[in-house]
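K.L.:
what follows is a predicted structure for the sequence shown.
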Amino acid sequence: AHDHYYQPGWTLVGAGVFKPEETRRAEADVIPDGVTWLQVAASGFDPDRSAVELADGRTLTYRVLVAAPGLRLAWEKIAGLEEALGRGGVTSNYRYDLAPYTHRLVKEMKAGRALFSQPPMPIKCAGAPQKAMYLSCDLWRDAGVLPNIDVEFHNAGGVLFGVATYVPALMEYIEAYGIDLRLESNLVAVDGARRVATFAQKKDGATATV
């Protein structure tokens, strides 16, 4: 990659705290001194030989290997989402180019329903969807329009947050902002033209489409 992104900052871009360009640097600028940077993908591992195979056919041997492959964002898992992103009120802070649109939507919204969703694990930073919601609610409260907005948080998980210690404090904000919390509710489709989101919601052991 030519660019390095500070992805946690995109949540704050969506809230208008950071500008997008503040989260981007040249990749070369974050490579430590004394490190040889090979701009080629790893295609395979051979731990018996302590070797890594590269996509260009080379093989590197190692004494210590740290592998950090990351996650691929699978937008296609939600029907209609890829086509809808970036227009008609559909956004995500998980993309550099969309986080500014999040801020625009929040600033322009004065009334209506705002849906925030968190997909099932594994995802990048399980706290990011909630942070986007709390920051948005804070902006709406400061603007005096929060009472006019129906905020719903659809979490595919069975609990608000996976670390139980944080849940009581987070619930205080859920209640303070008047958020309608929907657990075991997973976004499965988006119809951007009609502004309709479809969720698979579990209740009493059964799954219903809402």
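P.N.:
Yes, it's here.
K.L.:
next up, the contacts around the residue positioned nearest the centre of the chain.
P.N.:
Centroid check for the chain by Cα atoms, centre = their mean gives residue 94 as the closest residue, at 4.1 Å. Applying Cβ atoms under 8 Å, 6 or more residues apart in numbering, we find residue 94 in contact with 7, 10, 73, 124, 128. Where you see a C-beta, it was placed from the backbone N, CA and C, and this is true even at glycine.
K.L.:
distance of the residue of the chain most remote from its centre relative to residue 63?
P.N.:
When distances are taken from the C-alpha mean of the chain, residue 49 lies farthest, 37.5 Å away, according to Cα atoms, centre = their mean. As judged by Cβ to Cβ, to the nearest Å, residue 49 and residue 63 stand 13 Å apart.
K.L.:
residue 132 now?
P.N.:
In this view, residue 132 and residue 63 are 42 Å apart by Cβ to Cβ.
K.L.:
and residue 186, by the same measure?
P.N.:
Distance of residue 186 to residue 63, computed by Cβ to Cβ: 44 Å.
K.L.:
again, but for residue 156
P.N.:
The gap separating residue 156 from residue 63 is 41 Å, by Cβ to Cβ.
K.L.:
so between those two, which is more surrounded?
P.N.:
Applying other Cβ atoms under 10 Å to residue 156 and residue 63 shows that residue 156 carries more neighbours, namely 21 against 5.
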